[in-house]
Every structure is written in structure tokens, then in C-alpha cells.
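A.B. asks: using only what follows, build the 3D model:
(2 chains)
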Amino acid sequence: MIFELVKKESKEHIFSRKGLGFLFVVSLLLSVMSFGFISVKELSLLDQPTVVMTAFRLLLGINILISMVFASTMVAGEKEKGTLESLLLTPLTKRKIIIGKLTAILVFWFVVTLISLPYFFVLSFGTNMFPTILFFLYIVGTALVIAFSSIALIFSTILASTKNAMILGILIFLITLIPMFLSTTMKKSGFAKRINDYSPVSASMKSMKDIFINKLGSSDILVGLIPVIVFLLLTVLLALMISKKVDFLRGE
Amino acid sequence: MIKTENLKKIYNHDFEAVKQMNLNVGKGDIYGFLGPNGAGKTTTIRMLTGLIEPTEGRVILNGLDVRSEKQEVKKHIGVLPESNGYYEWMTGKEYLLFFSSLYGITKKKRAERTDELLEMVDLQEKANIRIHQYSRGMRQRLGIARTLIHEPRIIFLDEPTLGLDPQGQKDIEKILLHLNKEKGVTIFITSHLLKDIERICIA
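C.D. replies: Numbering: from 1, shown residues only, chains lettered A, B, ... in the order given. A predicted model of the protein is given here:
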């Protein structure tokens, strides 16, 4: 039954005009970026690890945002359209509905990763970075996409409006991005340091840097990824817990 | 078939939407539930079908306690909510096939049941047209077909004739009477219009 829901969600959000539009934008962005790295004089001087890291950051950032947009519309959108009640009256439990919707977001992410593979292959050509890129795409990237989508789904479940769910979800994502906009000195002091230490996005970027540039071993990398793992577990568990406790029709 | 004991719903600790309701609807009955707008009809249907929890009291459907046996109850009931929405991008046939798959009906039976229901609600010719092109009457008929997809013994309809033209209302009434007389389905129907309810319940 969940499979049927995943199929419906994929058709509605991913293989629809909107979803295909997003996929087109992602591939266009990757093409422009790769072209830039090769043809723009200043960019072509960058070392390959930096190029790959920049491409990965951009791909992940944009896809987390797109996934959050999808997740925000998945429950609140059904409330707005008046389709949620019928769905809740089927043998699907609320938990299964949330799992089905999260799975559909994963389908989108996997389509995006498939599109991005040739680009990363070209950008890392001549080095042994490709297996590590696969690890970051499929393990770290998937974990972050699931975690942030879970946050958006939580808001989508609690709130009756897609817009509000989207705004709150994206706000949380932006808070985790704060360290990226701070100078090195600021990152070392007070509140900014705390965010930098605990932000799953910072942790994933730092781990990538540790592999490609600082050449650290896998055990160090795994320790560095602890914030990502904790964040994933917390958000998914919270989404599943809320799906059981919250009245989906609240606010209607 | 449908029994409530001192059913009560209070919203936000102070608004009493339903007060101590005791109902007893027999097997094969058509039960008209009348009340003005805001009287608590939709809240009652939501409590009867397990969509919301009552503040007090309990609901027994077909011998099952709605609060503790929610999943089992879902197999026995079909519900057409008042503001039922549709997946506009689907065709009428796809819509019914999707819901039948959620009820775990086998692929072969899904197609048969869908065709049978489309014929019953007179939508077989519009089966492959996207729902966004359907009129309000056609949508309501499709909604009724959806409530029947898993062959429930009890159906709940919240203002099913609301906003329909006289012909649309007649079509719905005809379908409901057929279901009740020919198939023995118990029907719980709400409306704020006495005449609508009268026609269906007394027929």
C-alpha cells in the first residue's frame, strides 16, 4: 500500500511539470557550473578537490531546498485541496503516510544523484575522488535530504498552510547554514561556534574537506559526521512520533 | 450498526461542538442527520468514522469500538466528506484505481470493481478524462464511487447534494436509493436542508 502512495506522490510531485522543471534547473545548473570550472580562467585554476566540494555544496543545498518545498506541500497541500480526509480513511496509518511521502522525496533525490553522476565523474577525472563522492552523495547527502525533508514534513503535518510550513522549514535550514557565511574568526567565538560545531551541514562540509584536502582517515571522518547522524535520527524519529500523536486535520 | 454512547466533543477547552449524543442506527437504515450550518454535523461524522477523537463517550460501528479498533473499522466504512477534494491531475478511473490499491484489493479485482462503480455512477464514458474537467455533480458521483470501492457496509455522506443542481441532486438520490435497496448498505447522511433528507429517507 505504501508503494502505491509513493507512486502517486512521485507522479504528482516529481514526474509532473513542476518536478521535471526542478530536474531541468538542477541539470542546467550543473552544466553551467562545470562549464565555468573548465572555461573561466580564474575558476579553472582551482584545484580539483575544491571544484568537487563547491559542486557538491551547490547540488546539496539546492536539492535540500527543493526537497523541503516538496515536503511542505505533501501534507499541508492535501489539507488545502481537501484530499487528506479521504486518504486518512483508507487502511494507511498516519505513520505509513509520512513514510510514503518521505520515500517519494528520496526517489527525487536519487533521480538528481543519477543526473549529477556524469558531472562529478568529469570534475574528478584523473583522481581517485569518485568513490568518496559516491559516499557523500548517497550516504551523507541522502541523510541530510531525509533529515531536512522530515522537518518540512513535521511543519506540513502540524500546520494547515503550505506557505507557513515552507517558510518555517526553510528558516531552520538557513539557520544551519549560518556558519558558511561567517568569517573564520567569528566561527571560533560564542554562539557562532556552537552553531558551527552542531550544524549537520557544517559537519558534512568539514568532513569532505578533511578527506579531500586534509587527507584524514575514515575513522576521523566518521567522528566528524556524528552531528549528521544525530540530526537524521532526531528529525526522523520526531516526524514519526508527531505523525502518530498529531491530529492531521487540526486547523482545518 | 452505528451506536454512540454519550458522545461529546469540546474544542479548545471551551467550545462544545457536540453534546452528549446518543444514536442507534440499524442495519440497512438510511439515517438523515439534520442541522443548520455549524451545528456539529461534520464533527459528528469525523468522530463516528474515527478521524477525530471524542472528548467523551464512545462509538460502536458494526460491533467494533472506533477508538480502539480504528484500522478494522476503516474496512467497514466508506466516507464522503463535505469538502471532498480530488487529485485533479488523475482521470476518474485512475482515481478509483489508486484508492482501491490503498485498500489492498488485488489488481484484477481493482479493474473489475472500478468499471462496475463507474457504470453505477454513470461515469463510464468520462472514465479517462482528467478530474479537473469534471462538473461538481460528476465529482460527487465519483466521490460516492470512491467510498464504495472496498464494498463497505456503512457509508457516511456529509452534505452530498450541497451545491448541486436539481438534476445532480436527483442523480445522487438515485444512486443512494439503489445502494440501500439493492445492496443493503446502511447510509448515514447529513444535510442542512430538511427537504433533501426527507426525500431520501422516506423513499
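A.B. asks: what does the stretch 101-250 of chain A have sitting close to chain B?
C.D. replies: The stretch 101-250 of chain A comes close to chain B at residues A:247, A:249, as judged by C-beta under 8 Å from any C-beta of the partner chain. Where you see a C-beta, it was placed from the backbone N, CA and C, and this is true even at glycine.
A.B. asks: need the residues that contact the helix or strand containing residue A:241.
C.D. replies: In this assignment (DSSP states H and E), residue A:241 forms part of helix A:226-245. By C-beta atoms under 8 Å, 6 or more residues apart in numbering or on different chains, the surrounding residues in contact with helix A:226-245 are A:94-95, A:97-99, A:102, A:140, A:143-144, A:146-148, A:150-151, A:153-154, A:157-158, A:197-200, A:202-204.
A.B. asks: out of everything not next to it in sequence, what's closest to residue A:81?
C.D. replies: The spatial neighbour of residue A:81 that comes closest, neighbours along the chain excluded (C-beta to C-beta, 6 or more residues apart in numbering or on different chains), is residue B:85 at 4.1 Å.
A.B. asks: likewise residue A:198?
C.D. replies: Leaving aside its sequence neighbours, residue A:198 sits nearest to residue A:227 (C-beta to C-beta, 6+ apart; 5.6 Å).
A.B. asks: what's the answer for residue B:22, then?
C.D. replies: The shortest distance from residue B:22 to any non-neighbouring residue, by C-beta to C-beta, 6+ apart, is to residue B:4 (6.0 Å).
A.B. asks: how near is that neighbour to chain A?
C.D. replies: Residue B:4 sits 18 Å away from chain A, going by C-beta to the nearest C-beta, to the nearest Å.
A.B. asks: what packs against the strand or helix carrying that residue?
C.D. replies: Assigned by DSSP H and E, residue B:4 belongs to strand B:2-11. Counting contacts by 3 or more C-beta pairs under 8 Å, 6 or more residues apart in numbering or on different chains; DSSP states H and E, strand B:2-11 packs against strand B:15-21, strand B:24-25, helix B:41-48, strand B:56-61.
A.B. asks: up against chain A, what does chain B have?
C.D. replies: Proximity of chain B to chain A, by C-beta under 8 Å from any C-beta, involves residues B:46, B:49, B:51-53, B:71, B:74-75, B:77, B:79, B:81, B:83-87, B:89, B:98-99, B:101-104, B:146.
A.B. asks: residue B:21 against residue B:56, yeah?
C.D. replies: No: counting by C-beta atoms under 8 Å, residue B:56 is not a contact partner of residue B:21; they are 10.2 Å apart.
A.B. asks: please enumerate the shared neighbours of the two.
C.D. replies: The contact lists of residue B:21 and residue B:56 share B:6, B:7, B:8, where a contact means C-beta under 8 Å, 6+ apart.
A.B. asks: what's the burial count for the residue of chain A found nearest chain B?
C.D. replies: Nearest residue of chain A to chain B, counting by C-beta to the nearest C-beta: residue A:82, 2.8 Å away. One way to gauge burial is a neighbour count; for residue A:82, by other C-beta atoms under 10 Å in any protein chain shown, it gives 15.
A.B. asks: stretch B:105-121: which residues count as buried?
C.D. replies: Neighbour-count burial for stretch B:105-121, with 16 or more other C-beta atoms under 10 Å in any protein chain shown as criterion, is recorded at B:105, B:110, B:113, B:114, B:117, B:118, B:120, B:121.
A.B. asks: what distance do you get for the residue of chain A closest to chain B to residue A:34?
C.D. replies: Here the distance between residue A:82 and residue A:34 works out to 44 Å (C-beta to C-beta, to the nearest Å).
A.B. asks: helices of chain B, start to end?
C.D. replies: Taking DSSP state H as the criterion, chain B carries its helices at B:41-48, B:70-76, B:92-102, B:107-120, B:136-147, B:166-183, B:194-202.
A.B. asks: mind giving me CSV with these and columns for mean pLDDT?
C.D. replies: Formatted as CSV, the entries for those read as follows, by pLDDT from 0 to 100:
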stretch, mean pLDDT
helix B:41-48, 92
helix B:70-76, 91
helix B:92-102, 95
helix B:107-120, 93
helix B:136-147, 92
helix B:166-183, 87
helix B:194-202, 77
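A.B. asks: for these, give me CSV that also has distance to residue A:68.
C.D. replies: Supplementary listing: the helices of chain B in CSV, determined by distance: least, C-beta to C-beta, whole Å:
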stretch, distance to residue A:68
helix B:41-48, 30
helix B:70-76, 31
helix B:92-102, 25
helix B:107-120, 34
helix B:136-147, 31
helix B:166-183, 41
helix B:194-202, 45
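A.B. asks: give me the number of residues near the residue of chain B found nearest chain A?
C.D. replies: Checking chain B residue by residue against chain A with C-beta to the nearest C-beta singles out residue B:85 as nearest, at 2.8 Å. By other C-beta under 10 Å, the residues close to residue B:85 number 20.
A.B. asks: residue contacts, it?
C.D. replies: Taking C-beta under 8 Å, 6+ apart as the contact definition, residue B:85 lies against A:78, A:81, A:82, A:83, A:84, A:86.
A.B. asks: just the ones in strands from those residues, please.
C.D. replies: Among these, DSSP state E puts none in strands.
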